[in-house]
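Colleague: make a model of this:
(one chain, ligands or ions: 1)
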Amino acid sequence: MKRIVVFSGAGMSAESGLKTFRDSGGLWEEYDIHEVATPEAWEINPELVLDFYNQRREQVLQSKPNAAHHAIVALEKKFDVVVVTQNIDNLHELAGSTNVIHLHGEILKARSVKNSDKLYNVNGPLSIHDRADDGSPLRPHVVWFGEDVPMYELGKTIIQSADILIIVGTSLNVFPAAGLVLHAKEESRKILIDPNEISIGSFPNLIKVQEKAGSALPRAVNDLLSNNH
Ligand code: NAD
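Modeller: Okay, the predicted model is just below:
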């Protein structure tokens, strides 16, 4: 069975109503990254950080998977599919994808600030008074700018194993995650879907589809399911 790896970013969930970060109208026009998404921000003003992620969680809880998320699930009929996502939402899982790796964490989880293995499901706002059972404060289970990406090596191994790589809805601007796509095998087929022009350099066997995920992905999936790839 051939392996398809889907590498997704914020644009994947844009048609579900979740804002991207870097587009015009994106979240970083409303917020300063340094004030809400860094370890320093957490030190200086944890309430503001929690408030930012509480709003993200609330929006995720109100959103539903879109046609692009559903199309990826359909690929599992014929392919071994792994989704490597930069997104912290749960829309791939809600759609039914069975193998999802979250590079930047999950907004519906919190963890102890002292012990990153102590994870808790969160379905409402987190407060600075919430505690893990080791007694220490809980923080959102997300990777902040300036922090290590613990899932990086796993993501790299998975991308290296792809026969077909679908890159969708990512500006490829956030490193180290964006650099992962460069580990794809030269001979693997690559499809890049994004309505904006994404610069990826010279990348062998690449087809660019400059369109939204909700229309382009179902078409790409139909093609992959109906032809002998
Ligand atoms: P980004 O904001 O840098 O880029 C988003 C990309 O999506 C852009 O290239 C844009 O052209 C594209 N896009 C917009 N609408 C689209 C659509 N309908 N279909 C396909 N593509 C579309 O986001 P990024 O590259 O993922 O990196 C930023 C970081 O932001 C990631 O680490 C991610 O964790 C985080 N983030 C996550 C969410 C989420 O979980 N839903 C939302 C915002 C940001």
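
Colleague: all contacts plus neighbour counts: C-alpha atoms, from now on.
Modeller: Noted.

Colleague: so what's the closest residue to residue 206 other than its chain neighbours bridging to?
Modeller: Counting by CA to CA, 6 or more residues apart in numbering, the nearest residue to residue 206 once its immediate chain neighbours are dropped is residue 190, at 4.7 Å. Beta-bridge partners of residue 190, counted by DSSP bridges, are residue 165, residue 206.

Colleague: wait, isn't residue 190 in contact with residue 167?
Modeller: Yes: the pair residue 190 / residue 167 is scored as a contact, 7.5 Å apart, by CA atoms under 8 Å.

Colleague: quick one: find the helix or strand in the chain with the lowest mean pLDDT.
Modeller: Of all helical and strand segments in the chain, the minimum by mean pLDDT, DSSP states H and E falls on helix 27-30, at a mean of 75.

Colleague: contacts only, for residue 49.
Modeller: By CA atoms under 8 Å, 6 or more residues apart in numbering, the contact set of residue 49 is 35, 36, 37, 41, 42.

Colleague: at 7 Å instead, please
Modeller: Counting by CA atoms under 7 Å, 6 or more residues apart in numbering, residue 49 makes contact with 36, 37, 41, 42.

Colleague: so what secondary structure elements neighbour the lengthiest strand in the chain?
Modeller: Secondary structure of the chain per DSSP state E: the longest strand is strand 105-112. With contacts taken as 3 or more CA pairs under 7 Å, 6 or more residues apart in numbering; DSSP states H and E, strand 105-112 sits against strand 119-121, strand 138-142.

Colleague: could you tell me the end-to-end distance of stretch 117-133?
Modeller: With CA to CA, to the nearest Å as the measure, stretch 117-133 spans 12 Å from end to end.

Colleague: ok, now stretch 131-147?
Modeller: Taking CA to CA, the first and last residues of stretch 131-147 lie 22 Å apart.
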